[in-house]
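Novice: attaching a predicted model along with its sequence, questions to come.
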Amino acid sequence: MKKILITGAAGFLGSHLCDRFIKEGYYVVGMDNFITGEKKNIEHLIELENFEFVAHDVTNYIELKGGLDYILHFASPASPIDYLRIPIQTLKVGSLGTHNLLGLARAKKARILIASTSEVYGDPLVHPQSEDYYGNVNTIGPRGVYDEAKRFQESLTMAYHRFHGIETRIVRIFNTYGPRMRLNDGRVIPAFMGQALRGEDLTVFGDGSQTRSFCYVDDQIDGIFKLLHSDYIYPVNIGNPNEITIKDFAEEIIKLTGTNQKIVYKDLPVNDPLQRQPDITLAKKILGWEPKVERKEGMALTFNYFKNLSTEELYKSEHKNFSDFINK
Ligand code: NAD
Ligand code: UDP
(Lines give C-alpha, C1' and ligand atoms only; values in the text may rest on other atoms or scores of the structure.)
(Ligands and ions follow the chains in the order given, each with its own letter.)
Protein backbone atom coordinates (compact mmCIF):
# COMPACT_ATOMS: atom_id res chain seq x y z
CA MET A 1 0.00 0.00 0.00
CA LYS A 2 1.45 3.39 -1.01
CA LYS A 3 1.67 5.95 1.80
CA ILE A 4 0.90 9.64 1.30
CA LEU A 5 1.17 12.63 3.65
CA ILE A 6 -1.43 15.35 3.05
CA THR A 7 -0.88 18.67 4.84
CA GLY A 8 -3.88 20.94 5.33
CA ALA A 9 -5.95 17.76 5.65
CA ALA A 10 -8.69 19.37 7.76
CA GLY A 11 -9.23 22.11 5.20
CA PHE A 12 -11.48 22.28 2.16
CA LEU A 13 -9.19 20.83 -0.54
CA GLY A 14 -7.07 18.74 1.86
CA SER A 15 -10.07 16.82 3.17
CA HIS A 16 -11.32 16.06 -0.36
CA LEU A 17 -7.81 14.89 -1.27
CA CYS A 18 -7.82 12.55 1.75
CA ASP A 19 -11.14 11.08 0.53
CA ARG A 20 -9.83 10.58 -2.99
CA PHE A 21 -6.55 8.91 -1.99
CA ILE A 22 -8.31 6.63 0.49
CA LYS A 23 -10.74 5.65 -2.25
CA GLU A 24 -7.75 4.89 -4.51
CA GLY A 25 -6.34 2.50 -1.88
CA TYR A 26 -3.56 4.62 -0.36
CA TYR A 27 -2.56 4.82 3.31
CA VAL A 28 -3.19 8.48 4.14
CA VAL A 29 -1.52 10.50 6.89
CA GLY A 30 -3.41 13.77 7.35
CA MET A 31 -1.63 16.68 9.05
CA ASP A 32 -3.13 19.99 10.18
CA ASN A 33 -2.99 22.56 12.98
CA PHE A 34 -6.65 23.67 12.47
CA ILE A 35 -5.75 27.32 12.02
CA THR A 36 -8.37 27.59 9.24
CA GLY A 37 -9.48 23.95 9.05
CA GLU A 38 -12.30 22.16 10.83
CA LYS A 39 -12.38 18.79 12.60
CA LYS A 40 -15.74 17.92 11.06
CA ASN A 41 -14.11 17.74 7.59
CA ILE A 42 -12.15 14.62 8.55
CA GLU A 43 -14.33 13.11 11.28
CA HIS A 44 -15.63 10.46 8.89
CA LEU A 45 -12.05 9.26 8.26
CA ILE A 46 -10.71 8.96 11.80
CA GLU A 47 -11.86 5.37 12.38
CA LEU A 48 -10.54 4.05 9.04
CA GLU A 49 -7.62 1.63 9.11
CA ASN A 50 -5.78 3.35 6.27
CA PHE A 51 -6.10 6.87 7.74
CA GLU A 52 -4.09 8.50 10.48
CA PHE A 53 -4.22 12.09 11.70
CA VAL A 54 -1.30 14.08 13.11
CA ALA A 55 -2.03 17.46 14.72
CA HIS A 56 1.03 19.52 13.86
CA ASP A 57 2.06 22.98 12.67
CA VAL A 58 4.18 22.29 9.58
CA THR A 59 6.25 25.43 10.14
CA ASN A 60 7.93 23.38 12.90
CA TYR A 61 10.22 20.41 12.19
CA ILE A 62 8.22 17.41 10.97
CA GLU A 63 9.01 13.96 12.24
CA LEU A 64 7.30 10.99 10.64
CA LYS A 65 8.25 7.37 11.27
CA GLY A 66 8.59 4.81 8.48
CA GLY A 67 8.58 5.13 4.72
CA LEU A 68 6.64 7.64 2.66
CA ASP A 69 5.90 7.58 -1.07
CA TYR A 70 4.14 10.91 -1.66
CA ILE A 71 3.53 14.30 -0.06
CA LEU A 72 0.81 16.79 -0.94
CA HIS A 73 1.53 20.16 0.68
CA PHE A 74 -1.82 21.95 0.95
CA ALA A 75 -1.46 23.64 4.34
CA SER A 76 -1.95 27.39 3.97
CA PRO A 77 -4.64 29.96 4.66
CA ALA A 78 -6.33 30.40 1.30
CA SER A 79 -8.96 33.13 1.48
CA PRO A 80 -8.15 36.86 1.47
CA ILE A 81 -9.87 37.26 4.83
CA ASP A 82 -7.79 34.46 6.36
CA TYR A 83 -4.43 35.56 5.09
CA LEU A 84 -5.07 39.13 6.17
CA ARG A 85 -6.13 37.93 9.62
CA ILE A 86 -3.03 35.73 9.99
CA PRO A 87 -0.43 37.26 7.65
CA ILE A 88 2.72 36.04 9.43
CA GLN A 89 1.45 32.45 9.63
CA THR A 90 0.62 32.66 5.92
CA LEU A 91 4.17 33.72 5.06
CA LYS A 92 5.60 31.07 7.39
CA VAL A 93 3.60 28.13 6.09
CA GLY A 94 4.49 28.98 2.47
CA SER A 95 8.20 29.41 3.25
CA LEU A 96 9.27 27.55 6.42
CA GLY A 97 6.49 24.97 6.07
CA THR A 98 7.41 24.26 2.46
CA HIS A 99 11.09 24.02 3.44
CA ASN A 100 10.27 21.41 6.10
CA LEU A 101 8.17 19.38 3.67
CA LEU A 102 10.79 19.48 0.93
CA GLY A 103 13.33 18.33 3.52
CA LEU A 104 11.02 15.50 4.52
CA ALA A 105 10.52 14.54 0.86
CA ARG A 106 14.28 14.43 0.42
CA ALA A 107 14.85 12.33 3.55
CA LYS A 108 12.10 9.85 2.61
CA LYS A 109 12.78 9.90 -1.15
CA ALA A 110 9.12 10.80 -1.61
CA ARG A 111 7.54 12.63 -4.55
CA ILE A 112 6.08 15.96 -3.43
CA LEU A 113 3.32 18.08 -4.98
CA ILE A 114 3.01 21.70 -3.84
CA ALA A 115 -0.28 23.67 -3.91
CA SER A 116 0.37 26.96 -5.64
CA THR A 117 -2.22 29.39 -6.90
CA SER A 118 -3.42 31.69 -9.66
CA GLU A 119 -2.42 34.47 -7.23
CA VAL A 120 1.17 34.06 -8.46
CA TYR A 121 -0.11 35.93 -11.55
CA GLY A 122 -1.32 38.78 -9.28
CA ASP A 123 -3.59 41.28 -11.07
CA PRO A 124 -2.74 39.80 -14.48
CA LEU A 125 -1.87 41.87 -17.52
CA VAL A 126 -2.16 38.78 -19.73
CA HIS A 127 -5.51 37.07 -20.32
CA PRO A 128 -6.20 34.19 -20.01
CA GLN A 129 -3.27 33.26 -17.77
CA SER A 130 -0.92 30.60 -19.10
CA GLU A 131 1.95 29.10 -17.12
CA ASP A 132 4.63 31.10 -18.93
CA TYR A 133 3.23 34.44 -17.65
CA TYR A 134 5.40 35.82 -14.79
CA GLY A 135 2.66 37.84 -13.11
CA ASN A 136 1.95 41.29 -11.75
CA VAL A 137 2.15 41.19 -7.95
CA ASN A 138 2.36 44.01 -5.41
CA THR A 139 4.85 42.61 -2.88
CA ILE A 140 3.80 44.99 -0.10
CA GLY A 141 0.05 45.09 -0.76
CA PRO A 142 -2.45 43.28 1.49
CA ARG A 143 -2.38 40.16 -0.72
CA GLY A 144 1.45 40.20 -0.89
CA VAL A 145 1.79 37.90 2.14
CA TYR A 146 0.00 35.13 0.28
CA ASP A 147 1.17 35.81 -3.27
CA GLU A 148 4.84 36.13 -2.36
CA ALA A 149 4.77 33.12 -0.03
CA LYS A 150 3.41 31.08 -2.92
CA ARG A 151 5.94 32.48 -5.39
CA PHE A 152 8.77 31.72 -2.96
CA GLN A 153 7.28 28.25 -2.47
CA GLU A 154 7.52 27.59 -6.20
CA SER A 155 11.16 28.81 -6.32
CA LEU A 156 12.15 26.69 -3.34
CA THR A 157 10.48 23.65 -4.86
CA MET A 158 12.33 24.06 -8.15
CA ALA A 159 15.60 24.59 -6.23
CA TYR A 160 15.08 21.29 -4.36
CA HIS A 161 14.36 19.60 -7.65
CA ARG A 162 17.40 21.03 -9.41
CA PHE A 163 19.87 20.89 -6.53
CA HIS A 164 18.78 17.75 -4.65
CA GLY A 165 17.10 15.94 -7.54
CA ILE A 166 13.87 15.28 -5.63
CA GLU A 167 10.67 14.58 -7.56
CA THR A 168 8.50 17.68 -7.43
CA ARG A 169 5.17 18.77 -8.92
CA ILE A 170 3.53 22.22 -8.77
CA VAL A 171 -0.19 22.85 -9.27
CA ARG A 172 -1.46 26.39 -9.82
CA ILE A 173 -5.00 26.20 -8.51
CA PHE A 174 -7.64 28.64 -9.78
CA ASN A 175 -10.74 29.50 -7.67
CA THR A 176 -12.20 26.18 -6.57
CA TYR A 177 -15.46 25.67 -4.68
CA GLY A 178 -17.66 22.98 -3.23
CA PRO A 179 -18.90 21.38 -0.01
CA ARG A 180 -16.69 21.92 3.11
CA MET A 181 -15.70 25.48 2.27
CA ARG A 182 -16.01 27.47 5.49
CA LEU A 183 -19.19 29.53 5.39
CA ASN A 184 -17.46 32.50 7.01
CA ASP A 185 -14.09 32.39 5.21
CA GLY A 186 -14.97 35.50 3.19
CA ARG A 187 -14.56 33.88 -0.23
CA VAL A 188 -17.26 34.94 -2.63
CA ILE A 189 -19.20 31.68 -2.91
CA PRO A 190 -19.70 31.00 0.81
CA ALA A 191 -20.21 34.76 1.30
CA PHE A 192 -23.07 34.98 -1.23
CA MET A 193 -24.64 31.68 -0.18
CA GLY A 194 -24.45 32.59 3.52
CA GLN A 195 -26.02 35.97 2.82
CA ALA A 196 -28.83 34.36 0.82
CA LEU A 197 -29.50 31.85 3.60
CA ARG A 198 -29.54 34.54 6.32
CA GLY A 199 -31.78 36.80 4.26
CA GLU A 200 -29.12 39.50 3.82
CA ASP A 201 -28.29 41.49 0.69
CA LEU A 202 -25.44 40.13 -1.44
CA THR A 203 -22.28 42.25 -1.15
CA VAL A 204 -20.61 42.78 -4.52
CA PHE A 205 -17.22 44.50 -4.21
CA GLY A 206 -16.42 47.28 -6.68
CA ASP A 207 -18.82 47.52 -9.61
CA GLY A 208 -18.77 43.74 -10.00
CA SER A 209 -17.12 43.86 -13.42
CA GLN A 210 -14.10 41.87 -12.15
CA THR A 211 -14.13 38.28 -13.33
CA ARG A 212 -13.38 34.87 -11.87
CA SER A 213 -13.59 31.33 -13.28
CA PHE A 214 -14.90 28.78 -10.78
CA CYS A 215 -13.86 25.13 -10.73
CA TYR A 216 -15.86 22.44 -8.92
CA VAL A 217 -13.86 20.57 -6.27
CA ASP A 218 -14.18 17.08 -7.83
CA ASP A 219 -12.63 18.35 -11.08
CA GLN A 220 -9.83 20.07 -9.16
CA ILE A 221 -9.02 16.93 -7.14
CA ASP A 222 -8.96 14.86 -10.31
CA GLY A 223 -6.51 17.27 -11.96
CA ILE A 224 -4.24 17.16 -8.90
CA PHE A 225 -4.39 13.36 -8.80
CA LYS A 226 -3.37 13.16 -12.46
CA LEU A 227 -0.59 15.74 -12.06
CA LEU A 228 0.94 13.87 -9.10
CA HIS A 229 1.16 10.73 -11.22
CA SER A 230 2.50 12.49 -14.31
CA ASP A 231 6.20 13.10 -14.95
CA TYR A 232 5.84 16.87 -15.54
CA ILE A 233 7.88 19.01 -13.13
CA TYR A 234 6.90 22.57 -14.06
CA PRO A 235 3.78 24.41 -12.80
CA VAL A 236 0.44 23.39 -14.29
CA ASN A 237 -2.78 25.45 -14.15
CA ILE A 238 -5.81 23.52 -12.92
CA GLY A 239 -9.10 25.38 -13.07
CA ASN A 240 -12.26 25.87 -15.06
CA PRO A 241 -11.97 28.44 -17.88
CA ASN A 242 -15.69 29.32 -17.73
CA GLU A 243 -15.34 33.01 -16.77
CA ILE A 244 -18.05 35.24 -15.27
CA THR A 245 -18.24 38.74 -13.81
CA ILE A 246 -18.93 38.88 -10.06
CA LYS A 247 -22.09 40.91 -10.69
CA ASP A 248 -23.51 38.28 -13.07
CA PHE A 249 -22.45 35.62 -10.61
CA ALA A 250 -24.37 37.35 -7.78
CA GLU A 251 -27.43 37.32 -10.02
CA GLU A 252 -26.99 33.60 -10.65
CA ILE A 253 -26.82 32.98 -6.91
CA ILE A 254 -29.98 35.03 -6.32
CA LYS A 255 -31.78 32.79 -8.86
CA LEU A 256 -30.32 29.56 -7.51
CA THR A 257 -31.14 30.29 -3.87
CA GLY A 258 -34.52 31.91 -4.54
CA THR A 259 -33.68 34.73 -2.12
CA ASN A 260 -35.66 37.99 -2.25
CA GLN A 261 -32.57 40.01 -1.41
CA LYS A 262 -30.80 42.44 -3.71
CA ILE A 263 -27.21 43.27 -4.59
CA VAL A 264 -25.43 46.00 -2.59
CA TYR A 265 -22.09 47.44 -3.65
CA LYS A 266 -19.05 47.80 -1.35
CA ASP A 267 -15.50 49.07 -1.94
CA LEU A 268 -13.27 46.92 -4.12
CA PRO A 269 -10.49 45.46 -1.96
CA VAL A 270 -6.96 46.76 -2.69
CA ASN A 271 -5.21 44.80 -5.48
CA ASP A 272 -8.28 42.65 -6.12
CA PRO A 273 -7.45 41.07 -9.51
CA LEU A 274 -9.73 42.50 -12.19
CA GLN A 275 -9.80 39.41 -14.37
CA ARG A 276 -8.88 35.78 -13.94
CA GLN A 277 -9.23 32.83 -16.29
CA PRO A 278 -6.95 29.82 -16.54
CA ASP A 279 -5.44 28.76 -19.83
CA ILE A 280 -5.61 24.98 -19.42
CA THR A 281 -4.01 24.00 -22.74
CA LEU A 282 -1.07 22.45 -20.88
CA ALA A 283 -3.20 20.36 -18.48
CA LYS A 284 -5.26 19.09 -21.42
CA LYS A 285 -2.13 18.14 -23.31
CA ILE A 286 0.00 16.50 -20.64
CA LEU A 287 -2.67 15.17 -18.26
CA GLY A 288 -5.56 14.60 -20.64
CA TRP A 289 -7.56 16.55 -18.04
CA GLU A 290 -10.33 19.08 -18.34
CA PRO A 291 -13.17 20.05 -16.00
CA LYS A 292 -16.47 18.22 -16.40
CA VAL A 293 -18.84 19.80 -13.87
CA GLU A 294 -20.85 22.79 -15.13
CA ARG A 295 -21.20 25.77 -12.80
CA LYS A 296 -24.96 25.25 -12.49
CA GLU A 297 -24.54 21.69 -11.26
CA GLY A 298 -21.58 22.45 -8.98
CA MET A 299 -23.31 25.46 -7.40
CA ALA A 300 -26.46 23.41 -6.72
CA LEU A 301 -24.38 20.74 -4.94
CA THR A 302 -22.57 23.42 -2.94
CA PHE A 303 -25.75 25.26 -1.97
CA ASN A 304 -27.22 21.98 -0.80
CA TYR A 305 -24.24 21.59 1.55
CA PHE A 306 -24.58 25.10 3.02
CA LYS A 307 -28.35 24.76 3.35
CA ASN A 308 -27.87 21.81 5.67
CA LEU A 309 -25.51 23.57 8.10
CA SER A 310 -26.79 24.35 11.59
CA THR A 311 -28.24 27.75 12.46
CA GLU A 312 -25.31 28.27 14.81
CA GLU A 313 -22.84 27.81 11.92
CA LEU A 314 -24.90 30.00 9.65
CA TYR A 315 -24.65 32.95 12.04
CA LYS A 316 -21.04 32.40 13.13
CA SER A 317 -18.99 35.16 11.54
CA GLU A 318 -15.47 36.32 12.24
CA HIS A 319 -15.59 39.54 10.24
CA LYS A 320 -18.79 41.15 9.12
CA ASN A 321 -17.20 44.14 7.42
CA PHE A 322 -14.85 42.27 5.14
CA SER A 323 -14.62 45.12 2.65
CA ASP A 324 -13.51 47.59 5.37
CA PHE A 325 -11.12 45.05 6.85
CA ILE A 326 -9.39 44.13 3.59
CA ASN A 327 -8.82 47.76 2.59
CA LYS A 328 -6.82 48.70 5.69
P1 NAD B 1 -8.37 25.83 3.79
O2 NAD B 1 -8.13 27.03 4.64
O3 NAD B 1 -9.73 25.23 3.80
O4 NAD B 1 -7.33 24.69 4.14
C5 NAD B 1 -6.02 24.94 4.54
C6 NAD B 1 -5.68 24.00 5.67
O7 NAD B 1 -4.30 24.18 6.04
C8 NAD B 1 -6.50 24.27 6.95
O9 NAD B 1 -7.07 23.07 7.42
C10 NAD B 1 -5.48 24.84 7.92
O11 NAD B 1 -5.80 24.57 9.28
C12 NAD B 1 -4.20 24.17 7.46
N13 NAD B 1 -2.98 24.88 7.85
C14 NAD B 1 -2.67 26.19 7.63
N15 NAD B 1 -1.47 26.48 8.15
C16 NAD B 1 -0.98 25.33 8.68
C17 NAD B 1 0.22 24.99 9.36
N18 NAD B 1 1.18 25.88 9.59
N19 NAD B 1 0.40 23.70 9.76
C20 NAD B 1 -0.56 22.76 9.53
N21 NAD B 1 -1.73 23.04 8.91
C22 NAD B 1 -1.94 24.31 8.50
O23 NAD B 1 -7.97 26.25 2.29
P24 NAD B 1 -8.14 25.44 0.92
O25 NAD B 1 -9.04 26.22 0.04
O26 NAD B 1 -8.43 24.03 1.20
O27 NAD B 1 -6.68 25.59 0.32
C28 NAD B 1 -5.74 24.54 0.41
C29 NAD B 1 -4.51 24.86 -0.41
O30 NAD B 1 -4.86 25.09 -1.77
C31 NAD B 1 -3.76 26.11 0.07
O32 NAD B 1 -2.38 25.89 -0.05
C33 NAD B 1 -4.20 27.17 -0.91
O34 NAD B 1 -3.23 28.17 -1.08
C35 NAD B 1 -4.39 26.36 -2.19
N36 NAD B 1 -5.34 27.02 -3.10
C37 NAD B 1 -6.68 26.90 -2.91
C38 NAD B 1 -7.55 27.55 -3.79
C39 NAD B 1 -9.04 27.42 -3.69
O40 NAD B 1 -9.74 27.99 -4.54
N41 NAD B 1 -9.59 26.70 -2.75
C42 NAD B 1 -7.03 28.33 -4.84
C43 NAD B 1 -5.66 28.45 -4.96
C44 NAD B 1 -4.82 27.77 -4.10
N1 UDP C 1 -16.23 39.36 -3.62
C2 UDP C 1 -17.42 40.08 -3.59
N3 UDP C 1 -18.21 39.98 -2.47
C4 UDP C 1 -17.88 39.21 -1.40
C5 UDP C 1 -16.68 38.47 -1.44
C6 UDP C 1 -15.87 38.58 -2.56
O7 UDP C 1 -17.75 40.78 -4.56
O8 UDP C 1 -18.66 39.19 -0.42
C9 UDP C 1 -15.39 39.45 -4.82
C10 UDP C 1 -13.91 39.76 -4.56
O11 UDP C 1 -13.71 41.15 -4.46
C12 UDP C 1 -13.25 39.14 -5.78
C13 UDP C 1 -14.14 37.94 -6.11
O14 UDP C 1 -15.38 38.17 -5.44
O15 UDP C 1 -13.29 40.04 -6.86
C16 UDP C 1 -13.55 36.61 -5.64
O17 UDP C 1 -13.19 36.75 -4.30
P18 UDP C 1 -12.65 35.57 -3.40
O19 UDP C 1 -12.34 36.14 -2.06
O20 UDP C 1 -13.59 34.43 -3.47
O21 UDP C 1 -11.31 35.06 -4.09
P22 UDP C 1 -10.09 35.75 -4.86
O23 UDP C 1 -10.23 35.21 -6.23
O24 UDP C 1 -10.21 37.25 -4.83
O25 UDP C 1 -8.91 35.26 -4.13
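Specialist: Structure's in. What do you need? Residues are numbered from 1 along each chain as shown. Ligands and ions are numbered 1, 2, ... in the order given.

Novice: contacts and neighbour counts: CA atoms only from here.
Specialist: Fine.

Novice: could you pull out the helices for the stretch 201-328 of the chain?
Specialist: Assigned by DSSP state H, counting those that start in this stretch, the helices in the stretch 201-328 of the chain fall at 217-228, 246-257, 281-287, 295-307, 311-315, 322-326.

Novice: now those helices in a markdown table, with mean pLDDT?
Specialist: Output for the helices of the stretch 201-328 of the chain, formatted as a markdown table (pLDDT from 0 to 100):
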| stretch | mean pLDDT |
| --- | --- |
| helix 217-228 | 98 |
| helix 246-257 | 98 |
| helix 281-287 | 98 |
| helix 295-307 | 98 |
| helix 311-315 | 90 |
| helix 322-326 | 48 |
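
Novice: which helix in the chain runs the most residues?
Specialist: helix 144-164 (DSSP state H).

Novice: what is it packed up against?
Specialist: Applying 3 or more C-alpha pairs under 8 Å, 6 or more residues apart in numbering; DSSP states H and E, one finds that helix 144-164 contacts helix 87-92, helix 98-108, strand 111-117, strand 168-173.

Novice: can you redo these as JSON lines with distance to ligand 2, mean pLDDT and mean neighbour count?
Specialist: Shown next, in JSON lines, are the helices and strands packed on helix 144-164 (distance: least, C-alpha to the nearest ligand atom, whole Å; pLDDT from 0 to 100; neighbours: other C-alpha atoms under 10 Å):
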{"stretch": "helix 87-92", "distance to ligand 2": "14", "mean pLDDT": "98", "mean neighbour count": "20"}
{"stretch": "helix 98-108", "distance to ligand 2": "21", "mean pLDDT": "98", "mean neighbour count": "20"}
{"stretch": "strand 111-117", "distance to ligand 2": "9", "mean pLDDT": "98", "mean neighbour count": "25"}
{"stretch": "strand 168-173", "distance to ligand 2": "11", "mean pLDDT": "99", "mean neighbour count": "24"}
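
Novice: would you mind giving the ones you listed as JSON lines with distance to ligand 1 added?
Specialist: Converted to JSON lines, the helices and strands packed on helix 144-164 look like this (distance: least, C-alpha to the nearest ligand atom, whole Å):
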{"stretch": "helix 87-92", "distance to ligand 1": "7"}
{"stretch": "helix 98-108", "distance to ligand 1": "10"}
{"stretch": "strand 111-117", "distance to ligand 1": "4"}
{"stretch": "strand 168-173", "distance to ligand 1": "4"}
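
Novice: residues from the stretch 1-150 of the chain in reach of ligand 1?
Specialist: By the rule C-alpha under 6 Å from any ligand atom, the part of the stretch 1-150 of the chain lying against ligand 1 is 8-14, 32-37, 56-59, 74-78, 93, 115-117.

Novice: again, only this time at 5 Å
Specialist: Proximity of the stretch 1-150 of the chain to ligand 1, by C-alpha under 5 Å from any ligand atom, involves residues 8, 10-13, 32-37, 57-58, 74-78, 93, 115, 117.

Novice: give me the buried entries from those.
Specialist: The neighbour count (16 or more other C-alpha atoms under 10 Å) marks 8, 10-13, 32-37, 57-58, 74-78, 93, 115, 117 as buried among those.

Novice: now, the residues you listed that are in strands?
Specialist: Using DSSP state E, the subset of these located in strands is 32, 115, 117.

Novice: ok, residues contacting the longest helix of the chain?
Specialist: 78, 83, 87-88, 90-95, 98-99, 102, 106, 114, 116-117, 119-120, 122, 137-139, 166-168, 170 (C-alpha atoms under 8 Å, 6 or more residues apart in numbering).

Novice: residue furthest from the geometric center of this protein?
Specialist: Computed with C-alpha atoms, centre = their mean, the residue of the chain farthest from its C-alpha average is N260, at 30.7 Å.

Novice: and L48, how many residues sit next to it?
Specialist: Close neighbours of L48, defined as other C-alpha atoms under 10 Å, add up to 11.

Novice: SS state for it?
Specialist: With DSSP: H, G, I helix; E, B strand; the rest coil as the basis, L48 sits in coil.
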